[in-house]
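Chemist: structure here, sequence nowhere to be found:
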């Protein structure tokens, strides 16, 4: 789908400058392609490429959790527990959007607890690049509960200083395998088919 700057500016009642800046950011994360004389077009990411991106994300998160288990402070663990509590409250309220935002804080807290700023930057950048897909997978039936439960195990492993368990649990939490990936692709397909051409 082509994204027209003027139409977007009119729709959101802003000038073209913030729209152009937003498009540049979306292009940076690979969500759109900027084509000369054709403007911005929504990028089409093949399933294999998406799976590969989740594989890399799982490894970055795994490394972050491993280091967090070894290096965390009491404040780091408190930040994780607070984000987890927010996830639980959002789950109880059935609020997928609130869960997504609490989930983002949860993962960012792991990156920060690694006390490796370069790793935290890389993981956060990859998280943002996959944000739309991570958000979409939360809408898969039963995923919110599974995600909430998986978080609890990760928090306890990090708090206990069990680096290998923390790394293993977060890897399983992030990687998309088998049925879950098929469900995600079906959700993406339904979403794209429901939009006007």
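Modeler: That came through, no problem. Note that the coordinates shown come from a computational prediction; the quantities given were computed from them, not determined experimentally.
Chemist: quick one: least confident helix or strand in the chain?
Modeler: helix 178-194 (a mean of 67; mean pLDDT, DSSP states H and E).
Chemist: distance-wise, check the spatially most central residue of the chain relative to residue 67.
Modeler: Residue closest to the average C-alpha location in the chain (Cα atoms, centre = their mean): residue 131, at 3.7 Å. Residue 131 sits 23 Å away from residue 67, going by Cβ to Cβ, to the nearest Å. The C-beta positions use only the backbone N, C-alpha and C, and glycine is treated the same way.
Chemist: over to residue 142?
Modeler: Applying Cβ to Cβ to residue 142 and residue 67 gives a distance of 31 Å.
Chemist: check residue 143 too.
Modeler: 27 Å.
Chemist: which one's more surrounded, the two?
Modeler: Neighbours were counted for residue 143 and for residue 67 using other Cβ atoms under 10 Å; residue 67 has more, 22 against 17.
Chemist: contacting residues for the more buried one?
Modeler: When the contact criterion is Cβ atoms under 8 Å, 6 or more residues apart in numbering, the partners of residue 67 are 113, 114, 115, 116, 119, 163.
Chemist: repeat that for 6 Å
Modeler: By Cβ atoms under 6 Å, 6 or more residues apart in numbering, the contact list for residue 67 reads 114, 116.
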